[in-house]
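**Q** With the input below, show me the fold.
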Amino acid sequence: KPETKHGQACHDALQEAYECKSGYKGALYKMQSMVVLQGMFCDRLSSQLASQEEKKQGKKCEQLVGDRLPRLLTDDAFYTSVIEHQKAAEVEAAALE
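**A** The predicted model follows:
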């Protein structure tokens, strides 16, 4: 313990600075942990979003009539889309073999 009033004042100021520093350290650790958790959450959401988009793209490629509206099955445009779909399926099957 300091023996003079000035020494005691300096000691008290130093203690106060250490307390303030430890408060700032705690706040800093809290903010860093929050950033890490938010990063993990964002990574999880982005992977979920990517898988959902892949599902949507996969379904769109496989369905000939995706909008569920009635179609004339002998229409030339629909017939050519069926032929293209069959060719794509054959190419994909050949690529897997």
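
**Q** Distance from the chain centre to the longest helix along the chain, please.
**A** In the chain, assigned by DSSP state H, the helix with the most residues is helix 5-62. Mean C-alpha position of helix 5-62 versus that of the full chain (C-alpha atoms, centre = their mean, to the nearest Å) differs by 16 Å.

**Q** For residue 82, grab the count of nearby residues.
**A** The local packing count at residue 82 equals 13, with neighbours defined by other C-beta atoms under 10 Å. The way it works is simple: take the backbone N, C-alpha and C, and place the C-beta from them, glycine included.

**Q** what pLDDT does the residue nearest the centre of the chain get?
**A** Centroid check for the chain by C-alpha atoms, centre = their mean gives residue 46 as the closest residue, at 2.3 Å. On pLDDT, residue 46 comes in at 90.

**Q** go on, residue 68?
**A** pLDDT at residue 68 comes out at 65.

**Q** same thing with the one 4 residues further on?
**A** Reported pLDDT at residue 72 in the predicted model: 66.

**Q** try the one 5 residues further on
**A** Reported pLDDT at residue 77 in the predicted model: 79.

**Q** From residue 50, how far out is it?
**A** Residue 77 sits at a distance of 32 Å from residue 50 (criterion: C-beta to C-beta, to the nearest Å).

**Q** before we move on, back to that, show the contacting residues for the residue nearest to the centre of the chain.
**A** Applying C-beta atoms under 8 Å, 6 or more residues apart in numbering to residue 46 gives no contacts.

**Q** circling back: now the element after the longest helix of the chain, going C-ward?
**A** Elements were assigned by DSSP states H and E; along the chain past helix 5-62, the next helix or strand is helix 76-96.
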